[in-house]
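Engineer: Could you look at this predicted model? Sequence included:
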Number of protein chains: 2
Amino acid sequence: MADGARLTKREETRRENERAILAAAEKVFAEAGFGGATMQLIADLAGLPKANLHYYFATKEDLYRRVVRDIFEIWLHAADVFDLADGPVGGIGAYIDAKMEISRRHPAGSKVWASEVMHGAPVIQDYLETTLRDWTDNRAARIQGWIDAGRMQPVDPRHLLYMLWATTQHYADFGHQIETLNGGRPLTEAEWQAAKASVKTIILRGIGAT
Amino acid sequence: MADGARLTKREETRRENERAILAAAEKVFAEAGFGGATMQLIADLAGLPKANLHYYFATKEDLYRRVVRDIFEIWLHAADVFDLADGPVGGIGAYIDAKMEISRRHPAGSKVWASEVMHGAPVIQDYLETTLRDWTDNRAARIQGWIDAGRMQPVDPRHLLYMLWATTQHYADFGHQIETLNGGRPLTEAEWQAAKASVKTIILRGIGAT
DNA sequence: CCACAACCTGACCAAGCGGTCAACAATATT
DNA sequence: AATATTGTTGACCGCTTGGTCAGGTTGTGG
């Protein structure tokens, strides 16, 4: 008792295998794209026979769909910080921090998401049209509220959101390019902090947030 | 005479076929990624038999390499405007316009480039380490010059460049997402102008450019 | 302990892939 | 007109792919 949920050996194994498969899949899909990824590669990385993957996920597309949706959830919840603050400095500042942190900790997931959208969102188009659209409408309204309250300069809320997404995701999706331009070394802790600070400084000043 | 270069029928055909293949390849690579693209698909789109592709480009990788390098050239030359202006408002403003225009006119190329970098730049790593690094160093120095001259606030020139790249490319790479959030319709001419204006306003104010 | 269900996997398959090639057609050169 | 060069293509090949499946193993509930 006292170690959370009581699990049978079966449930535990299932959970662990799924986790291993999803982690491997995320990495392989990020590195090779959907078309370039192979079930064999994912299986090897997960340490399971290929046939076993098909026991847990019927098809390559099912597995991919699951990976994309998992990322989407994380991505979406980063916006919780948006709603806690009462003004643009706190709200947008915290959102930038949160999204930069996601780029740093889930670079593979970010790439899978980027790849999916870039190729026309074949598997999550419905999510874009429902969940994401609602999400965006809400946040745009909130930003407009700040503008109306004189807390920031009038800018198109949507283009501001695009800029936030673009800039923060860039550090994951184009991490390889940034690393190369950084002398071939990954950003250090201090360099990450500097990156965050730069982004926040420019954007918050850019919208005249108070 | 007077219609430019005099070409034999052979040269003309060769030129036209190469053009058709490259255009088709850019589109297919953008839509499906390197791994998902097939020579058959490219051939069909170019209106040529598959075997003919291999006469012009020995391998799929050769063809891909050519597409990526062509984009890189366009991308790089967009920065010419950077050098004509004497201050950040003109220089960076014009650069944003130029890169937004590329996103608009070469969305497929942009996606191929993004995909290439995202997957670790397997075919243009050398370009990143030489041409792009030099390019970046030069522009960073120029921006630093503007800072030293008091023409803009002190910000890290590199992170500013990343922000410019990220934001402008976003309109190509995530064009599908933007279109979906725009009610399923592509941006109109006026909306493109508004996007450009938003980006320029926020960034130029963000760096305190004068 | 038993019977049943869930889980695992090596061997296999049809389909599609990048790439080759021999035979042929068109153009250029002499 | 004859010849050499370059361009074109259907048919083909070896290989890898996603996916299947029969038969075995492991865990569970009674």
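Structural biologist: Cool, got the structure.
Engineer: tell me which helix or strand of chain A sits lowest on mean pLDDT?
Structural biologist: Within chain A, no helix or strand scores below helix A:80-84, which has a mean of 87 by mean pLDDT, DSSP states H and E.
Engineer: what does the helix or strand following that one contact?
Structural biologist: Reading on from helix A:80-84 to the C-terminus, the next helix or strand found by DSSP states H and E is helix A:88-105. Applying C-beta atoms under 8 Å, 6 or more residues apart in numbering or on different chains, the external contacts of helix A:88-105 come out as A:74-75, A:78-79, A:81-85, A:109-110, A:142-143, A:146, A:151-152, A:164-165, A:167-172, A:175, A:192, A:195-196, A:199-200, A:203-204, A:207, A:209-210. The C-beta positions use only the backbone N, C-alpha and C, and glycine is treated the same way.
Engineer: List buried members of these by neighbour count.
Structural biologist: A:75, A:78-79, A:81-82, A:85, A:109-110, A:143, A:146, A:151-152, A:164-165, A:167-172, A:175, A:192, A:195-196, A:199-200, A:203-204, A:207, A:209 (16 or more other C-beta atoms under 10 Å in any protein chain shown).
Engineer: mind listing which of these are in helices?
Structural biologist: In helices, judged by DSSP state H, the following of the buried ones among the contacts of helix A:88-105 are found: A:75, A:81-82, A:109-110, A:143, A:146, A:164-165, A:167-172, A:175, A:192, A:195-196, A:199-200, A:203-204.
Engineer: and A:Tyr55, what does it touch?
Structural biologist: Contacts were defined as C-beta under 8 Å, 6+ apart; by that measure A:Tyr55 touches no other residue.
Engineer: Next: A:Trp113.
Structural biologist: Shown here is A:Trp113, whose contacts under the criterion C-beta under 8 Å, 6+ apart are A:Val68, A:Ile71, A:Phe72, A:Trp75.
Engineer: do the same with A:Arg151
Structural biologist: Applying C-beta under 8 Å, 6+ apart, the residues near A:Arg151 are A:Gly87, A:Pro88, A:Ala209, A:Thr210.
Engineer: quick check, nearest of those to chain B?
Structural biologist: Minimum separation from chain B among those (C-beta to the nearest C-beta) is found for A:Ala209, which lies at 10.5 Å.
Engineer: Run a quick neighbour tally on the spatially closest residue to the closest one that is not a sequence neighbour.
Structural biologist: Using C-beta to C-beta, 6 or more residues apart in numbering or on different chains and skipping residues adjacent in sequence, the residue nearest A:Ala209 is A:Pro88, 3.9 Å away. Here the number of neighbours of A:Pro88 (other C-beta atoms under 10 Å in any protein chain shown) works out to 25.
Engineer: Wait, A:Leu187 touches A:Ala195, no?
Structural biologist: Yes: A:Leu187 lies in contact with A:Ala195 (C-beta atoms under 8 Å); the separation is 6.6 Å.
Engineer: any common contacting residues for these two?
Structural biologist: Contacts common to A:Leu187 and A:Ala195, judged by C-beta under 8 Å, 6+ apart, are absent.
Engineer: what about A:Gly150, neighbour count?
Structural biologist: For A:Gly150, the tally of surrounding residues (other C-beta under 10 Å) stands at 10.
Engineer: what's the answer for A:Arg105, then?
Structural biologist: Other residues near A:Arg105 come to 12 when the count uses other C-beta under 10 Å.
Engineer: From B:Thr38, how far out is A:Gly120?
Structural biologist: 17 Å (C-beta to C-beta, to the nearest Å).
Engineer: before we move on, back to that, format the contacts of A:Arg151 as JSON lines; extra columns: distance to B:Lys27.
Structural biologist: Putting the contacts of A:Arg151 into JSON lines (distance: C-beta to C-beta, whole Å) gives the following:
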{"residue": "A:Gly87", "distance to B:Lys27": "45"}
{"residue": "A:Pro88", "distance to B:Lys27": "40"}
{"residue": "A:Ala209", "distance to B:Lys27": "41"}
{"residue": "A:Thr210", "distance to B:Lys27": "46"}
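Engineer: which parts of chain A sit against DNA strand D?
Structural biologist: Within chain A, the positions near DNA strand D by C-beta under 7 Å from any atom of the strand are A:8-11, A:37-41, A:50-51, A:54, A:58-61.
Engineer: try 6 Å
Structural biologist: A:8-10, A:37-40, A:51, A:54, A:58-61 (C-beta under 6 Å from any atom of the strand).
Engineer: and of the residues you listed, the nearest to A:Asp156?
Structural biologist: Ranking these by separation from A:Asp156, with C-beta to C-beta as the measure, puts A:Glu61 on top at 36.4 Å.
Engineer: Give me the nearest residue to that closest one, chain neighbours excluded.
Structural biologist: A:Val123 (7.1 Å).
Engineer: try A:Glu191
Structural biologist: Nearest to A:Glu191 is A:Asn182, by C-beta to C-beta, 6+ apart, at 7.2 Å.
Engineer: Could you count how many residues lie near the one you found?
Structural biologist: Burial of A:Asn182 is recorded as 14 neighbouring residues (other C-beta under 10 Å).
Engineer: thought it was touching A:Ala194?
Structural biologist: No: with contact taken as C-beta under 8 Å, A:Asn182 and A:Ala194 are classed as non-touching, separated by 11.3 Å.
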